[in-house]
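> here is a sequence with its predicted model. Questions after.
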Amino acid sequence: MFGERLTAVLERSVRRFPAESRALGAGRSVIALAQASVLVFTPASHLFVPVGGTETGCSAPVQAVSLYCLADTADRQMVSLVVLALLLVVASGILPRFTTVLHFWASLSLGQSVSLPDGGDAVAQVVTFFLVLACAGDRRTWHWQRPRGGDRAGSVWTGIAWAGWWGVRLQVAYVYLDSALAKLPVGPWSEGSATYYVARMENFGAAGLFADLFRWATGITLIALLTTWGTILAEGLIALFLLRRESRQAVAAAISAALHVLIVLQIGIVSFGFVMVGAVLCAASRGIDAYAPYWRGRLSRRPPAGLTARLQP
């Protein structure tokens, strides 16, 4: 009985799943532009440096398909320009069904070949893999176009796209949940003083225009407590809301954007922050798409009929 009900729920979910999404397209563009910023502002000589006496090799099967390994004899700066061009094509939104494959290849090339990757590279590899599946049913010329209507029930591409989107949701939710839980047993995080120490780290602390402001603010006990425990709470809420219904997904995207913009302003790590924002946009895309008409209606004072009730918690 339970199995039959579960099957019916899954079939209904797949049948109603919109295979095209402008919010997911926006997330793809944000991820691609964040990755492109690394190549624009960092020369290849700084991306490929010996670690432990050797550079990243090409021996593993996954590494072998990296563009840097396939063009091993070419100048790495030139290869980086090719990868940059691929990322800019992806960010433009053209032919999302096919450019997701290019995006995954570019992400894998960066993640597997760059000697000093950051956490965003690893997240981008996984997310862009699932995006290949999530965009399998997207037949638009540009991912900025309005999703087309029509019944796609029974389409195998819709089922693949549904599975890919759920892959993105589960993976991104896991990243945030794991990050929140990993902080709990760490002394400075559990005590509420982590942001105080982070802001004052020599090589990873507050920097830029707001450095003095963040050092002063985190020197206030209450603010240090709120920002430290607030970070853990925000990460936990993002993980929870990404797995909830439409309106909660939109809230998760808003929390993620606010959290990472604040981190960027405080300590930098720009590319990582915007890769995560883009990943959350992709994971919450169907919720954002469903909730957008509600806010457009509120702003124009003409809420779409029946939508308000459907989006209630």
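Yep, it's here. Numbering: from 1, shown residues only.
> list the contacts of the spatially most central residue of the chain.
In the chain, the residue lying closest to the centroid (C-alpha atoms, centre = their mean) is residue 279, at 1.4 Å. Applying C-beta atoms under 8 Å, 6 or more residues apart in numbering, we find residue 279 in contact with 27, 31, 123-124, 127, 168, 172, 175. For glycine as for every other residue, the C-beta is placed from the backbone atoms N, C-alpha and C.
> and if we set it to 7 Å?
Residue 279 makes contact with 27, 31, 123, 127, 172, according to C-beta atoms under 7 Å, 6 or more residues apart in numbering.
> how about the residues you listed, which pair is most distant?
27 and 123 (12.2 Å; C-beta to C-beta).
> more crowded one of those two?
The residue with more neighbours, out of residue 27 and residue 123, is residue 27; 26 against 21, by other C-beta atoms under 10 Å.
> for the closest residue to that one other than its chain neighbours, give me its contacts.
Nearest non-adjacent residue to residue 27, counting by C-beta to C-beta, 6 or more residues apart in numbering: residue 281, 3.2 Å away. Contact partners of residue 281, counting by C-beta under 7 Å, 6+ apart, are 23, 26-27, 30, 253.
> still on that earlier bit, closest to residue 11 among the contacts of residue 279?
Closest approach between the contacts of residue 279 and residue 11, by C-beta to C-beta: residue 172, at 24.9 Å.
> what secondary structure does the closest one sit in?
Following DSSP: H, G, I helix; E, B strand; the rest coil, residue 172 is assigned to helix.
> so what's the residue count around the closest residue to it other than its chain neighbours?
Distances taken as C-beta to C-beta, 6+ apart put residue 283 closest to residue 172, at 4.3 Å, once the chain neighbours are dropped. Here the number of neighbours of residue 283 (other C-beta under 10 Å) works out to 34.
> looks like residue 283 contacts residue 168 (just checking).
Yes - contact criterion C-beta atoms under 7 Å: residue 283 and residue 168 qualify, at 4.9 Å.
> residues touching the residue nearest to residue 172, list them.
168-169, 172, 242.
> where does pLDDT dip in the stretch 1-150 of the chain?
Counting by pLDDT under 70, the ranges of the stretch 1-150 of the chain that qualify are 1-4, 6-10, 50-57, 149-150.
> if we use 90, what do you get?
For the stretch 1-150 of the chain, the stretches with pLDDT under 90 are 1-20, 42-65, 68-76, 111-121, 137-139, 145-150.
> and if you look at the stretch 151-300 of the chain?
Residues of the stretch 151-300 of the chain that meet the cut-off, pLDDT under 90, sit at 151-159, 198-212, 244-247, 265-270, 286-287, 289-300.
> try 50
Scanning the stretch 151-300 of the chain for pLDDT under 50 picks out 151, 153.
> that older thread, next one: the residue nearest to residue 172 from residue 195, what distance?
26 Å (C-beta to C-beta, to the nearest Å).
> what's the answer for residue 48, then?
33 Å.
> more neighbours, the two?
residue 195 (25 against 19).
> ok, and what's touching the helix or strand harbouring that one?
Assigned by DSSP states H and E, residue 195 belongs to helix 194-199. Residues from elsewhere that reach helix 194-199, judged by C-beta under 7 Å, 6+ apart: 188, 205-206, 214-215, 218-219, 224, 227-228, 266-267.
> wait, which of these is closest to residue 247?
residue 227 (26.4 Å).
> what's near enough to touch the closest one?
195, 218.
> what's the helix or strand for it?
Using DSSP H and E, residue 227 falls in helix 221-242.
> can I get that helix as PDB, trimmed to CA atoms?
As requested, the backbone C-alpha atoms of helix 221-242 are provided in PDB (Å, rounded to 0.1, in the frame of the first residue of the first chain):
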ATOM      1  CA  THR A 221      30.200  40.400  22.300                       C
ATOM      2  CA  LEU A 222      26.500  40.300  21.300                       C
ATOM      3  CA  ILE A 223      27.300  40.900  17.600                       C
ATOM      4  CA  ALA A 224      30.000  38.100  17.700                       C
ATOM      5  CA  LEU A 225      27.500  35.700  19.200                       C
ATOM      6  CA  LEU A 226      24.800  36.600  16.800                       C
ATOM      7  CA  THR A 227      27.000  36.400  13.700                       C
ATOM      8  CA  THR A 228      28.600  33.100  14.800                       C
ATOM      9  CA  TRP A 229      25.500  31.200  15.800                       C
ATOM     10  CA  GLY A 230      23.500  33.000  13.100                       C
ATOM     11  CA  THR A 231      25.800  31.500  10.500                       C
ATOM     12  CA  ILE A 232      25.100  28.000  11.800                       C
ATOM     13  CA  LEU A 233      21.400  28.700  11.900                       C
ATOM     14  CA  ALA A 234      21.300  30.200   8.400                       C
ATOM     15  CA  GLU A 235      23.100  27.100   7.000                       C
ATOM     16  CA  GLY A 236      20.700  24.800   8.700                       C
ATOM     17  CA  LEU A 237      17.700  26.700   7.500                       C
ATOM     18  CA  ILE A 238      19.000  26.700   3.900                       C
ATOM     19  CA  ALA A 239      19.400  22.900   4.000                       C
ATOM     20  CA  LEU A 240      15.900  22.500   5.500                       C
ATOM     21  CA  PHE A 241      14.000  24.900   3.300                       C
ATOM     22  CA  LEU A 242      15.600  23.600   0.100                       C
END
